[in-house]
Every structure is written in C-alpha cells, then in structure tokens.
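In: Sequence plus the predicted model coming up.
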Amino acid sequence: IHQYVDEADGSYSDANYTSNNSTISIEHEGGMAQGAVCTSACVEASARLCADIARRYGWDHLWHDGTNGNVWLHREIPGTDHAGCPDLTPNGLPYQQVIDKANAILEGDDMAISDDDIMRIWTHVLPNGRHARDIISDATSDIIRMHDSGITEGQWVHTLPNGRKARDIISDATSDVIRIHDTMIPQLSAQVTALTAAVEALSKAMGADPDQIAQTVQQAVKDKLDSLQITITATDEDD
C-alpha cells in the first residue's frame, strides 16, 4: 500500500472536481489484458485499508449503491471516461469481495493471522522492556511453583527466584497476555470461520453433506486434543 496524496487534499483522480475533493481514491492492480491482476493479497490489503478508513471516519458499514453508497466505482462518477473501471475491464477488481471483507473486519472479524504475524507478536517488546515470550515463560514457571506449593497470603508477596514478588509477576503477565489475546484471538476466530465456510462451499460443490463433513472434522479434532500432552520445562539462560 502506497499513499501519494494526503486525505485532507484533493487529487486528480476522477475528472470530477467534487469527487476529487470529497473522496479517497484507491488504485488497484488490474485493468489490462496482459497486466498484473489484483491477487488475494491485494484484495485483503484493500479490505484492511477500507476498514481502517471507515473506522477513522466513523462508519460501521460499507456499501455500494452507485453514488448513493459510501463506496463508489470509478466508472460511476460523472465526468470519467473509464467506462469499465474497476470491475468490467480485463483482470477487473472484485470490488464486492473487498467490501465484504472490509465489513467483516468492521464487525469484529479480522484477516487470518500469518506465521510472521504470530512471530512478531511473540517477540514484540512489551511496555516493561521485555519480549512477550520471556514474560510468559517466567510467569508460567513462577505460577507453577506457587501452585505446587499452595498459594497463601505470604506467598502472594513472596520474592520469587527471578527477584520479583509473585503478585507483580502475575500482574505484568496478565496485562501482557491480555494484549496478545486481544490481538490474536479475533484473527484466529476469523480464520476458523473462513475455513468453515470454505469446507461447506467445497462439500456442496462436490455433492457431499456439509454437516457430515463438519462432524467428522470435529471428532478428529476432539480425538487429537484428547490425546494431546503438554510438557513444561524451565531452563536457565545467559540473557
């Protein structure tokens, strides 16, 4: 995503003075028979941008209805000579898909989180100057020690092996985990919702029963979780 004109300024984009000075114009790849297409990554980036714009301007929903909605197509603006832009051209833009994804974000769902996103969160430097992974590791080890010995009032203010009081460690860890939770959970929930919809659409296309497939997947996940074992170890590190 690149920005070339400040939103507070007009742009030469629509061949229409009013539109140039009252809208935010977004250019996408596509529109040429042998040119680049707007990929799924392009659509998702556009959806995030549209949702961000909507939030900043106080809109809770985006919709297209010619120039009666709050999303306009370039070809619909009086004065333009681009009769096919953006969706009727070769490699045209799936604008409704962009709008639908943006509205999903505005309703609380977010785009699927990637491994890179998770790593950035996991290694993010928190307000106390430490990485999220280190805070959670220390807190987990200390809480397990407290749990194993039984928590009493004295232990709540007890100085733990890392030199801090138990209540302070738990307070810091709770705040930081909440931040991570608020960032990751909506995105993971959206990913599950999208995968569920994809399975249903695929099964219908293949003539299968979506409910039967869902039950099979659900049982497989349950069996996997029932057999899951978690091992927690504590190690001494130099840094």
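Out: Nice, I can see it.
In: Not including adjacent chain positions, what is the nearest residue to Asn20?
Out: Setting aside the residues directly before and after it, Asn20 is nearest to Gly10 in space (C-beta to C-beta, 6 or more residues apart in numbering), at 4.7 Å. Bear in mind the C-beta positions are built from the backbone N, C-alpha and C, glycine included.
In: now Ala36
Out: If you skip the residues right next to it in sequence, Ala36 has Glu29 as its closest partner in space, 4.4 Å away by C-beta to C-beta, 6+ apart.
In: what about the one you found, how many neighbours?
Out: Residues near Glu29, counting by other C-beta atoms under 10 Å, number 14.
In: residue contacts, it?
Out: Contact analysis of Glu29 by C-beta atoms under 8 Å, 6 or more residues apart in numbering lists Gly35, Ala36, Val37, Cys38, Thr39, Cys42, Asn91.
In: Give the buried subset of those as a ChimeraX selection command.
Out: Here is the ChimeraX command that picks out the buried ones among those, judged by 16 or more other C-beta atoms under 10 Å:
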select :37,38,42
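In: want to throw the contacts of Glu29 into TSV with pLDDT?
Out: Compiled in TSV, these are given as follows (pLDDT from 0 to 100):
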residue	pLDDT
Gly35	78
Ala36	82
Val37	86
Cys38	87
Thr39	88
Cys42	91
Asn91	85
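In: Let's see which of the contacts of Glu29 end up in helices.
Out: Counting by DSSP state H, the members of the contacts of Glu29 that fall within helices are Cys42.
In: Can you convert the contacts of Glu29 into TSV and add a column each for distance to Gly66?
Out: Putting these into TSV (distance: C-beta to C-beta, whole Å) gives the following:
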residue	distance to Gly66
Gly35	27
Ala36	28
Val37	25
Cys38	22
Thr39	27
Cys42	24
Asn91	23
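In: I'd like to know which of the contacts of Glu29 is nearest to Tyr4.
Out: Minimum separation from Tyr4 among the contacts of Glu29 (C-beta to C-beta) is found for Cys42, which lies at 17.1 Å.
In: Pull the contacting residues for that closest one.
Out: The neighbourhood of Cys42, defined by C-beta under 8 Å, 6+ apart, consists of His28, Glu29.
In: try 6 Å
Out: Residues in contact with Cys42 (C-beta atoms under 6 Å, 6 or more residues apart in numbering) are Glu29.
In: Give me the distance between it and Asn20.
Out: Computed as C-beta to C-beta, to the nearest Å, the Cys42 to Asn20 distance reads 24 Å.
In: end-to-end on stretch 16-35?
Out: End-to-end span of stretch 16-35 (C-alpha to C-alpha, to the nearest Å): 27 Å.
In: Okay, buried residues for it please.
Out: Within stretch 16-35, the residues that count as buried by 16+ other C-beta under 10 Å are Ser19, Asn20, Thr23, Ile26, His28, Gly30, Gly31.
In: Run through the chain and note the low-pLDDT ranges.
Out: 109-128, 131-211, 213-214, 217-239 (pLDDT under 70).
In: which ones are touching Ser46?
Out: Applying C-beta under 6 Å, 6+ apart, the residues contacting Ser46 are Val98.
In: quick one: Trp72 from Arg130, how far?
Out: In this view, Trp72 and Arg130 are 47 Å apart by C-beta to C-beta.
In: Many thanks, I have nothing further to ask.
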